[in-house]
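# how would this look folded up:
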Amino acid sequence: MPTLLFIYGTLHPDRAPREIADAARRLTSIGPATIRGHLYNLGEYPGLILHPTAPPIPGELFAVPDAATLAALDSYEDFRPSDPAASLFLRAKATATLPDGSQSTCWVYVYNGEPPGSQP
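As a prediction, this is how the structure comes out:
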C-alpha cells in the first residue's frame, strides 16, 4: 500500500516553491479529497489544525513514491520526528474523504503552534 499524503497548500506540485519543487513533482495525484479541520493563514503559507467536527478543507491526495521524498517534505515543513516539540509542522495520521464518500487514511502536515488570534 502506498504512503498517502493530503496536500492543502504550498506542497502541491503546481504551487511548490523552488526549494521543494523537485520533491513535489515526484508525488502522484490520487485525486481531490477533503479533510476536517481549521485552516489558518500564517502569512507565506497556510496551517491546518485537525478537528473532527470542523468544516471540510479541500485539497488533494497524493501517493509518495519513497522514503527519501517523504524525508525531503518533512524537512521542508520543519517536521523533526526526533523532536516534535521543536517542529513547526507535525506529520499526523488523518482521514481524507474522497468525492465518492469513501475514506482513506493518510498523512497530513498540521500546524504545531497556537491558532492565530487564540489566547494563551
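
# avg pLDDT for stretch 58-78?
Mean pLDDT, computed over stretch 58-78, is 97.

# which helices and strands does whichever strand or helix holds residue 109 pack with?
Following DSSP states H and E, one finds residue 109 within strand 103-111. Judged by 3 or more Cβ pairs under 8 Å, 6 or more residues apart in numbering; DSSP states H and E, the packing partners of strand 103-111 are strand 3-7, strand 28-41, strand 46-50, strand 56-64, strand 89-97. (C-beta placed from N, C-alpha, C; glycine too.)

# between those, which one is nearest to residue 18?
Among these, the nearest to residue 18 by Cβ to Cβ is strand 3-7 (17.2 Å).

# Please work out which of the helices and strands packed on strand 103-111 is packed deepest.
strand 3-7 (a mean of 21; mean count of other Cβ atoms under 10 Å).

# what's that strand in contact with?
11, 27, 30, 33, 35, 59-64, 70, 73, 94, 96, 104-108 (Cβ atoms under 8 Å, 6 or more residues apart in numbering).

# Over to stretch 46-61?
Residues contacting stretch 46-61 (Cβ under 8 Å, 6+ apart): 4-10, 12, 29-40, 89, 92, 94, 96-98, 104, 106, 108-111, 113, 115.

# Just the terminal-to-terminal distance for that stretch.
Here the two ends of stretch 46-61 are set 17 Å apart, with distance taken as Cα to Cα, to the nearest Å.
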